[in-house]
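Colleague: Coordinates only, no sequence provided:
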């Protein structure tokens, strides 16, 4: 069973293992999340969220939603998104993305994502309904 949990005070117990897997794949965003978390960046502002996905009780992935500071209108950015290799193709990423998109579009009309970190990221975000857009420091956008 897949469970999404909003994170407030602590990163999940198995987060270091997830971050190590990401680092092993050359993905830096989990290390950036960890560094930011220790510095007090908690995704708890208005319209922000950090979700952890657990599959059968095991941390499978993480995804965040924050304010998009570079948009000309109020917008949110999906970021710090990672799913462990053993949990891919099992609906984890789609569930995380869907929850974050729904939450984001509840407060703004524009969502952005930067999919430069992985060759698979662009097609994934397009499958979620985002379209390619490089007019800002992002690669894809979704409009309500």
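Modeller: Perfect, thanks for sending it. Computed from a predicted model, the values in this text were never measured in an experiment.
Colleague: got the contact list for the residue of the chain most remote from its centre?
Modeller: For the chain, the residue at maximal distance from the C-alpha centroid (C-alpha atoms, centre = their mean) is residue 72, at 21.6 Å. Residues counted as contacts of residue 72 (C-beta atoms under 8 Å, 6 or more residues apart in numbering): none. Any C-beta I mention is one placed from the backbone N, CA and C, and that applies to glycine too.
Colleague: sec struct for it, please.
Modeller: Three-state assignment for residue 72 (DSSP: H, G, I helix; E, B strand; the rest coil): coil.
Colleague: Please report how far it lies from residue 51.
Modeller: Remark: distance between residue 72 and residue 51 (C-beta to C-beta, to the nearest Å) = 27 Å.
Colleague: And the strands in the chain?
Modeller: With strands called from DSSP state E, the chain shows them at 2-6, 49-55, 58-67, 75-83, 110-113, 131-132, 140-143.
Colleague: Point out the one among these that comes closest to residue 23.
Modeller: strand 75-83 (10.3 Å; C-beta to C-beta).
Colleague: now that closest one: mean pLDDT?
Modeller: Mean pLDDT, strand 75-83: 97.
Colleague: Repeat that for stretch 117-132.
Modeller: Across stretch 117-132, pLDDT averages out at 93.
Colleague: i'd like the first residue to be 55 from this point on
Modeller: Let's use 55 as the start, then, which means that last one is stretch 171-186.
Colleague: Select the longest helix from the chain.
Modeller: In the chain, taking DSSP state H as the definition, the longest helix is helix 146-159.
Colleague: where does that helix sit relative to the chain's centre, distance-wise?
Modeller: Centroid separation for helix 146-159 versus its chain: 8 Å, with C-alpha atoms, centre = their mean, to the nearest Å.
Colleague: what's the answer for stretch 122-133, then?
Modeller: Using C-alpha atoms, centre = their mean, the offset of stretch 122-133 from its chain centre is 14 Å.
Colleague: Same check on stretch 99-108?
Modeller: 8 Å.
Colleague: what is the rounded mean pLDDT of that stretch?
Modeller: The model assigns stretch 99-108 a mean pLDDT of 95.
Colleague: repeat for stretch 149-159
Modeller: 98.
Colleague: one step back: could you list the residues in contact with the longest helix of the chain?
Modeller: Contacts of helix 146-159 (C-beta under 8 Å, 6+ apart): 56, 58, 101, 103, 105, 107, 109, 114-119, 130, 132, 135, 137, 165, 178-179, 182-183, 196, 198.
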